[in-house]
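In: only geometry, no sequence info:
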């Protein structure tokens, strides 16, 4: 299975994950500072900023786009409960 | 030409409970708010011994009138009565909303109906809230508003309103509005308090200092960093009067209240702990001394590493309030609780449910405890800390009944790892594999 590296900049921790893993699955286990609310893409609490590898995450769904817009997300913000890791990337809490 | 604040003669001996007229607080600037003297509990969380005021203001210029904020819906008739003594609805050009909470926007829909030509001015963060508050029907969705940020201005002719973007004081949408020529700051909830006195001005009303501090402690304290950011915008201004959305209008030495906000937002004795030193506080409760022994071992382990200032407290011997103060300043918290009837013990929950007034986001949390047969407390405390936006880098430690020497050694190691996580996780490998995560 293809692997990818995701780095959580706030805790300076990099994890090697199988491609397709959702960020929420990793960040909670290592205690990164991304905070979760509904965990289903509706509340916007887990908004994070992608500092590198923006294109290495799955495309946001229409619903995620809507929540990001409502929460005044900047260009490279995503919801950690929705985004899946496809290639190397670096993230931090928004 | 600069305009003076003046207008003192009209406000000498003012008592707004006796009439429903506007009060000129500065030349061309009128208070058109409402008194709520019987209110005792505000927003569930705040108590007030003599009610509150909902302050709204009308500013007249040669090119129209601006209204700054409105009142709670139940007080609309008082607000409109006062407004009508100073302006016609067709003169209103601008409605400025410094804060969208319903106690300031209750009369807004009716004001928009009566003054349909007026444009709304809100902060850039306010639009989604504005729509949620007004709930416009499909056919009304085209209501007009303008978002403004720091430095944006609207001119009323000889008077100019300049906006300051001051978010999270205490909602994301909050802003302040500065009347440039007369140096009046319409500050929204900032510098406000729940204190009702019909004499309106800080040099006339009764003793309200306690209300001012109480309001700060419950409304602004969780947002101290945002207060500091806002003060960077407010402090350089020349200010002759601060006109908040609740409580007395601060015309006598307004600078004192601004300085006081900086003091309240700055940690007292901040220099007592060296800047590079992180702080860990360990709280515990113990019935047979087992969790207490674990706490002592965790404490010893955390101290071993150096660079971390560790404090150990038995919850049985302290009050909630000072512990909340300690927690606000700490970098990491560890809670030790036995499990009794499948739950953590009440003093732990009492403290963990008293933290809404402080910002915990990003602090490190940890839990441990001795248990008899099921041991749920540790996981429950961890979940609560996650809910409080803390992060839990090290999985909790449980010991069945009396800790052995090996188990106490594990507690010591737990303290060491906590200390490492606090000082940057130096000992953790640079890359870990997903499969190795618990």
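Out: Good, I have the coordinates. Bear in mind the structure is a predicted one, so any value in this text is a computation, not a measurement.
In: and chain A, which of its residues are near chain B?
Out: A:5, A:10-18, A:21, A:26, A:28-33, A:35-36, A:70, A:72, A:93 (Cβ under 8 Å from any Cβ of the partner chain). C-betas here are computed from N, CA, C, even on glycine.
In: and the strands in chain A?
Out: With DSSP state E applied, chain A shows strands at A:3-8, A:13-18, A:47-52, A:77-79, A:89-93, listed in chain order.
In: ok, and the closest non-adjacent residue to the residue of chain A found nearest chain B?
Out: Per Cβ to the nearest Cβ, residue A:31 is where chain A lies closest to chain B, at 3.4 Å. Leaving aside its sequence neighbours, residue A:31 sits nearest to residue B:393 (Cβ to Cβ, 6 or more residues apart in numbering or on different chains; 3.4 Å).
In: what is the burial count for that neighbour?
Out: Neighbour count of residue B:393, defined by other Cβ atoms under 10 Å in any protein chain shown: 22.
In: residues contacting it?
Out: Going by Cβ atoms under 8 Å, 6 or more residues apart in numbering or on different chains, residue B:393 touches A:11, A:30, A:31, B:364, B:421, B:425.
In: and the two most separated of these?
Out: The most widely separated members of these are A:30 and B:364, with 12.5 Å between them, by Cβ to Cβ.
In: name the element residue B:131 belongs to?
Out: Using DSSP states H and E, residue B:131 sits in helix B:127-134.
In: that helix and chain A, are they touching?
Out: Yes - contact between helix B:127-134 and chain A, assessed by Cβ under 8 Å from any Cβ, occurs at residue B:128.
In: ok, and what's touching that helix?
Out: Contacts for helix B:127-134 (Cβ under 8 Å, 6+ apart): A:70, A:72, B:97, B:100, B:102, B:105, B:108-109, B:120, B:122, B:143, B:145, B:147, B:171-173.
In: that helix: how far from the chain's middle?
Out: Distance of helix B:127-134 from the chain centroid (Cα atoms, centre = their mean, to the nearest Å) equals 20 Å.
In: what packs against the longest helix along chain B?
Out: In chain B, with assignment by DSSP state H, the single longest helix is helix B:405-422. If you count contacts as 3 or more Cβ pairs under 8 Å, 6 or more residues apart in numbering or on different chains; DSSP states H and E, helix B:405-422 packs onto strand B:278-284, helix B:290-304, strand B:308-314, strand B:332-336, strand B:364-371, strand B:397-400.
In: can you redo those as a markdown table with distance to chain A, mean pLDDT and mean neighbour count?
Out: Listed next are the helices and strands packed on helix B:405-422 as a markdown table, based on distance: least, Cβ to the nearest Cβ, whole Å; pLDDT from 0 to 100; neighbours: other Cβ atoms under 10 Å in any protein chain shown:
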| stretch | distance to chain A | mean pLDDT | mean neighbour count |
| --- | --- | --- | --- |
| strand B:278-284 | 14 | 96 | 22 |
| helix B:290-304 | 17 | 97 | 22 |
| strand B:308-314 | 17 | 95 | 17 |
| strand B:332-336 | 11 | 97 | 28 |
| strand B:364-371 | 8 | 96 | 26 |
| strand B:397-400 | 15 | 95 | 20 |
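In: among these, which comes closest to residue B:408?
Out: Residue B:408 sits nearest to helix B:290-304 of all the helices and strands packed on helix B:405-422, at 4.6 Å, using Cβ to Cβ.
In: contacts for that closest one next, please.
Out: Residues contacting helix B:290-304 (Cβ under 8 Å, 6+ apart): B:280, B:282, B:284-286, B:308, B:310, B:312, B:314, B:334, B:336-338, B:368-370, B:397, B:399, B:401-403, B:407-409, B:411-416, B:418-419.
In: circling back to that earlier point, what subset of the contacts of residue B:393 is buried?
Out: For the contacts of residue B:393, a neighbour count by 16 or more other Cβ atoms under 10 Å in any protein chain shown gives the buried set as A:11, A:30, A:31, B:364, B:421, B:425.
In: my guess is the second one contacts residue A:8, does it?
Out: Yes - at 6.5 Å, residue A:30 and residue A:8 qualify as touching, with contact defined as Cβ atoms under 8 Å.
In: need the residues touching each of these two.
Out: In contact with both residue A:30 and residue A:8: residue A:15, using Cβ under 8 Å, 6+ apart.
In: okay, now the residue in the stretch 1-150 of chain B positioned nearest to chain A: neighbour count?
Out: Minimum separation of the stretch 1-150 of chain B from chain A (Cβ to the nearest Cβ) falls at residue B:128, amounting to 5.3 Å. When neighbours are counted by other Cβ under 10 Å, residue B:128 registers 14.
In: between the buried ones among the contacts of residue B:393, which sits nearest residue B:52?
Out: For the buried ones among the contacts of residue B:393, the residue nearest residue B:52 by Cβ to Cβ is residue B:364; the value is 38.6 Å.
In: let me see the contact set for that closest one.
Out: A:31, B:331, B:332, B:333, B:390, B:391, B:392, B:393, B:418, B:421, B:422.
In: is the closest residue to the second one other than its chain neighbours in a bridge, and if so with what?
Out: Looking back up the chat, that one is residue B:331. Once flanking residues are discounted, residue B:331 sits nearest to residue B:278: 4.4 Å by Cβ to Cβ, 6+ apart. In this entry, residue B:278 is beta-bridged to residue B:308, by DSSP bridges.
In: tell me which residue is most central in chain B.
Out: residue B:220 (2.9 Å; Cα atoms, centre = their mean).
In: helix, strand or coil: sort out it for me.
Out: What DSSP: H, G, I helix; E, B strand; the rest coil gives for residue B:220 is helix.
In: number of nearby residues for residue B:168?
Out: By the measure other Cβ under 10 Å, the count of residues near residue B:168 is 17.
In: check which helix or strand covers the residue nearest to it when sequence neighbours are not counted.
Out: Residue nearest to residue B:168 in three dimensions, not counting chain neighbours: residue B:226, with 4.0 Å by Cβ to Cβ, 6+ apart. Assessed by DSSP H and E, residue B:226 sits inside helix B:224-234.
In: what are the contacting residues of the next helix or strand along the chain from that helix?
Out: Counting by DSSP H and E, the next helix or strand C-terminal to helix B:224-234 is strand B:241-244. With contact meaning Cβ under 8 Å, 6+ apart, strand B:241-244 is reached by B:5, B:25-26, B:29, B:31, B:55, B:57, B:68, B:182-193, B:249-251, B:254, B:257-258.
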